[in-house]
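Participant: The sequence isn't on hand, but the structure is:
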């Protein structure tokens with residue numbers, strides 16, 4: 001959530017920055033500023049009445065002590081009127097504060113200066129590419145055919161148990177999945193991230209804290225009885241570990257990693273682009289989250305990008321990194337880098353990770369602060385990234401490592417799997 005003081009003092013800058021997201025924010029920014037002015041004026045009036053009421057109470061006490069009961073009675077009548085007025089003003093202030101908050105929730109984060117202008121994914125900027133695209137043998141197949149051939153993932157059994165988008169991993173497929181999770185966690189913890197296990201359901205406050213609500217309400221599975229949401233990513237519970245927390249500056253940065261299943265309702269359209277593992281309702285992901293000093297968050301973002309690069313280099317998968325344009329960035333992000341792995345069998349790039357800096361956007365919602373050297377509370381910066389999302393990484397491994405004899409396991413995973421090939 002954007003800070004109201006910043007919006008009030010930088011209206012044109014906010015409007016121009018959000019234009020990079022292809023959003024005409026002029027009317028809503030003006031409405032936000034007007035609501036804030038009314039709220040502040042109402043609060044000033046309320047504070048004045050409360051101050052006057054407190055003074056009258058003291059005066060009444062003094063009059064009663066001196067025996068001037070008739071004068072005290074006159075002041076008491078005045079305090080009754082002041083209390084009625086203060087009650088109405090307090091109610092009005094609450095209504096204005098709620099309306100202001102609802103409007104602020106509709107404003108996305110401001111893009112960083114280096115975010116490219118653009119409306120569609122085709123306008124994202126390719127900033128890095130590495131890895132040799134393998135030449136596959138004749139008759140090479142996409143992963144949804146390979147998993148049938150080797151009986152390692154059963155999509156139809158998942159449909160029987162639950163529905164489309166909930167695959168069942170079997171045998172060496174299940175072991176490879178577990179190997180990837182353990183490998184990613186080991187890489188993250190070796191890089192200084194503290195591993196945690198978190199709930200897979202969150203309350204409404206947590207969903208608002210990281211910006212899933214109200215922006216992505218339709219994409220989340222919701223249990224109405226207990227008002228809980230299945231998590232779409234570990235980012236939500238992990239970042240909310242720090243909700244309403246004030247850290248000391250010397251505690252920064254805080255690095256955390258977690259493995260969770262993730263649940264998303266928006267499985268999308270039909271066709272090859274969403275077949276097999278390309279898009280699921282339930283999938284596994286290992287996440288990294290950082291809480292950083294504002295002066296160091298972009299250096300930290302670069303470090304996260306290098307960390308994900310090191311994983312893909314060890315997996316020896318061809319990949320590229322895109323800096324997302326304003327029209328393709330997530331609601332809460334100030335700057336996002338997407339990692340994509342090349343699937344040779346599908347002849348297309350598959351997104352496998354997003355690494356983002358949210359600056360103070362989430363921290364403002366979370367009330368996540370740190371005490372600086374002067375003893376003042378400042379909003380921290382939050383960052384997160386996939387390290388990594390499993391389905392498309394697995395799809396890339398199955399397709400790029402296939403041979404006529406079977407699917408060769410990447411060398412770095414063999415000790416985790418306990419086997420060298422799926423055949």
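Facilitator: Sure thing, it's come through. Keep in mind that this is a model prediction, so the values were computed, not measured.
Participant: all helices for the chain, in order.
Facilitator: Assigned by DSSP state H, the chain shows helices spanning 4-9, 11-19, 26-65, 69-105, 143-150, 155-161, 171-190, 204-209, 235-239, 297-315, 361-366, 390-400, 414-417.
Participant: who does the shortest one touch, helix- and strand-wise?
Facilitator: Spelled out, that is helix 414-417. Using 3 or more C-beta pairs under 8 Å, 6 or more residues apart in numbering; DSSP states H and E as the contact test, the elements touching helix 414-417 are helix 171-190. (Each C-beta comes from the backbone N, C-alpha and C, glycine too.)
Participant: Buried residues in stretch 195-206, which are they?
Facilitator: Neighbour counts over stretch 195-206 (16 or more other C-beta atoms under 10 Å) mark 198, 200, 201, 202, 206 as buried.
Participant: Against residue 235, how distant is residue 147?
Facilitator: Distance of residue 147 to residue 235, computed by C-beta to C-beta, to the nearest Å: 28 Å.
Participant: Please say which of those two ends up with more neighbours.
Facilitator: Remark: of residue 147 and residue 235, residue 235 carries more neighbours, 29 against 25, as counted by other C-beta atoms under 10 Å.
Participant: For that one, list the residues it contacts.
Facilitator: By C-beta atoms under 8 Å, 6 or more residues apart in numbering, the residues touching residue 235 are 210, 287, 289, 384.
Participant: Kindly reformat the residues you listed as JSON lines containing distance to residue 122 and pLDDT.
Facilitator: Shown next, in JSON lines, are the contacts of residue 235 (distance: C-beta to C-beta, whole Å; pLDDT from 0 to 100):
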{"residue": "210", "distance to residue 122": "28", "pLDDT": "97"}
{"residue": "287", "distance to residue 122": "27", "pLDDT": "98"}
{"residue": "289", "distance to residue 122": "30", "pLDDT": "98"}
{"residue": "384", "distance to residue 122": "25", "pLDDT": "98"}
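Participant: Going along the chain, name the strands of the stretch 251-400 of the chain.
Facilitator: Secondary structure of the stretch 251-400 of the chain (DSSP state E, counting those that start in this stretch): strands at 254-263, 282-292, 319-323, 335-343, 348-357, 369-371, 377-379, 381-389.
Participant: Using neighbour counts, pick out the buried residues of stretch 210-217.
Facilitator: Neighbour count says stretch 210-217 has 210, 211, 212, 213, 215, 216 buried, by 16+ other C-beta under 10 Å.
Participant: Phi and psi next, for the first one.
Facilitator: Recorded main-chain torsions at residue 210 are phi -100, psi 0, according to degrees, to the nearest 10.
Participant: rewinding a little: which of the strands of the stretch 251-400 of the chain sits closest to residue 155?
Facilitator: Set against residue 155 and scored by C-beta to C-beta, the strands of the stretch 251-400 of the chain come closest in strand 282-292, at 12.1 Å.
Participant: That closest one vs helix 390-400, what angle?
Facilitator: Taking axes from the mean of the first three to the mean of the last three C-alpha atoms, to 10 degrees, one finds strand 282-292 and helix 390-400 inclined to each other by 120 degrees.
Participant: Strand 282-292: partners in the sheet, and parallel or antiparallel?
Facilitator: Strand 282-292 sits in its sheet next to strand 254-263 (antiparallel), strand 381-389 (antiparallel), going by DSSP bridges.
Participant: contact partners of the longest one?
Facilitator: Just to be clear, that refers to strand 254-263. The contact list for strand 254-263 (C-beta under 8 Å, 6+ apart) reads 181, 184-185, 188-189, 191-198, 200, 220-221, 230-234, 237-238, 241-242, 247, 281-291, 387, 389.
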